[in-house]
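# Sequence and computational prediction follow.
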Amino acid sequence: MSEPQSAAAVGSPRAADPHADDVRRAVDVLRRGGLIGLPTETVYGLGADAGNPTAVARIFAAKGRPADHPLIVHLHRASQLTDWARDVPLAAWKLAEAFWPGPLTMILPRSPGVLDAVTGGLDTVALRVPAHPLAQQVLEQFDGGIAAPSANRHKQISPTTVQDVREELGAAVDLLLDGGPCRVGIESTIVDLSNDGIRILRPGSITAQDLTRVTGLAVDDSIDALVRCPGRMASHYAPRARVVLASIEQVPQAIAEAAARGARVGVLAAQRSPAWSPDVPWLALGNVPDEQAQQLYQRLREADRIGLDVLIAVPPSDAGVGRALRDRLWRAAGLGDAPA
Ligand code: AMP
Ligand code: MG
């Protein structure tokens with residue numbers, strides 16, 4: 001496939017709606033069974049018509065993703081839920097009302113017409129209404145479901161800028177929409193509502209407390225639930241550099257150990273400590289949890305850009321979105337589930 005056409009960045013000065021042409025072209029690509037790079041508020045997606053098996057197969061080929069890893073179907077609005085899911089419980093409607101459009105994915109029993117290729121053969125389907133204005137416009141005009149996993153090669157770091165998508169999958173997409181840097185920066189919270197109750201399968205910026213507040217129900221966010229989620233791997237979101245987790249007190253020792261082996265070492269942490277040599281690169285994560293989420297994947301990519309062999313990462317606290325950040329860092333280190 002030739003170089004992807006790239007669409008103008010959000011906010012570029014053009015006619016009344018600077019994106020109208022790009023949105024039309026994106027919808028055209030989807031109707032012809034092609035792949036688009038789709039900005040969402042979480043991360044960039046690799047989008048295809050969720051009702052077209054050939055188009056969906058192209059997603060798996062482009063990503064190098066195993067066929068049994070299910071995809072998330074993106075919708076324009078909550079009222080489309082019943083086109084894709086059956087037996088939708090009251091809690092799902094409450095969550096849709098509170099958090100859609102937004103970074104929440106719901107697993108529900110699938111409608112009979114949903115493709116096996118989308119669900120990995122499961123009897124459930126993952127659905128989300130994204131908030132990014134460009135995603136919203138494309139979905140409204142397309143008027144169907146867009147299957148869109150993160151626009152990265154299997155197991156790699158999710159892209160949070162259009163440049164990341166271009167570098168990673170540029171040759172595979174027919175049209176790349178530039179929606180600017182992603183506001184949330186990590187993938188959506190995934191909740192399973194297909195059995196009784198609510199279980200978190202992937203932590204994100206919407207927390208267990210948020211879900212309980214809206215539904216009045218207890219939420220299972222135990223590690224056991226995370227393990228049962230198909231397509232989540234012990235090693236994921238990993239840069240080329242080896243990620244080593246450490247507390248802030250352990251950093252000097254970890255630096256010394258890596259340096260003794262001749263490794264080029266850097267530190268990912270909210271703060272720099274005077275106990276580290278000034279020669280050791282510091283990849284600042286920021287102090288505010290939402291900013292930490294927004295920057296995490298950019299910092300992991302930076303570790304590779306500056307040629308680190310070892311990245312010592314100091315995980316943030318567990319509160320709020322911190323739970324999700326710890327989940328991603330544990331997987332970046334190849335350790336699987338982060339202890340609660
Ligand atoms: P990605 O789109 O790359 O963020 O990955 C989507 C993830 O959603 C999958 O890897 C699964 O973890 C999860 N998922 C999608 N569909 C289902 C489903 N039917 N049941 C459980 N998990 C799902
Ligand atoms: Mg992914």
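Alright, I've got the coordinates. Residues are numbered from 1 along each chain as shown. Ligands and ions are numbered 1, 2, ... in the order given.

# C-alpha only now, for contacts and for neighbours.
Will do.

# tell me the pLDDT at His236?
Per-residue pLDDT puts His236 at 84.

# how about low-confidence regions in the stretch 1-150 of the chain?
Within the stretch 1-150 of the chain, the set of residues satisfying pLDDT under 70 comprises 1-15.

# gap between whichever residue of it sits closest to ligand 1 and Arg213?
Proximity of the stretch 1-150 of the chain to ligand 1 (C-alpha to the nearest ligand atom) peaks at Pro149, 3.0 Å away. As judged by C-alpha to C-alpha, to the nearest Å, Pro149 and Arg213 stand 28 Å apart.

# Please say which of those two ends up with more neighbours.
Using other C-alpha atoms under 10 Å as the criterion, Pro149 and Arg213 rank with Pro149 on top: 26 against 12.

# Tell me if the longest helix seen in the chain is near ligand 1.
Looking across the chain with DSSP state H, the single longest helix is helix 289-305. No - Helix 289-305 stays clear of ligand 1 (C-alpha under 6 Å from any ligand atom), getting no nearer than 13.8 Å.

# and the stretch 51-200 of the chain, which residues reach ligand 1?
Contact residues (C-alpha under 6 Å from any ligand atom) of the stretch 51-200 of the chain with ligand 1: 69-72, 107, 119, 122, 124-126, 148-150, 187.

# any idea how far the helix or strand that the longest helix of the chain is followed by is from the chain center?
Toward the C-terminus, helix 289-305 is succeeded by strand 310-313 as the next helix or strand (DSSP states H and E). When distances are taken as C-alpha atoms, centre = their mean, to the nearest Å, strand 310-313 is centred 22 Å away from the chain's centroid.

# Give the pairing partners of strand 310-313; include direction for each.
Strand pairing for strand 310-313, using DSSP bridges, gives strand 242-245 (parallel), strand 265-269 (parallel).

# So for the shortest one, mean pLDDT?
If I follow you right, that is strand 242-245. Mean pLDDT, strand 242-245: 96.

# Show me what counts as buried in that strand.
Counting neighbours by 16 or more other C-alpha atoms under 10 Å, one finds that the buried residues in strand 242-245 are 242-245.

# between those, which is nearest ligand 1?
Using C-alpha to the nearest ligand atom, Val243 comes nearest to ligand 1 of these, at 20.6 Å.
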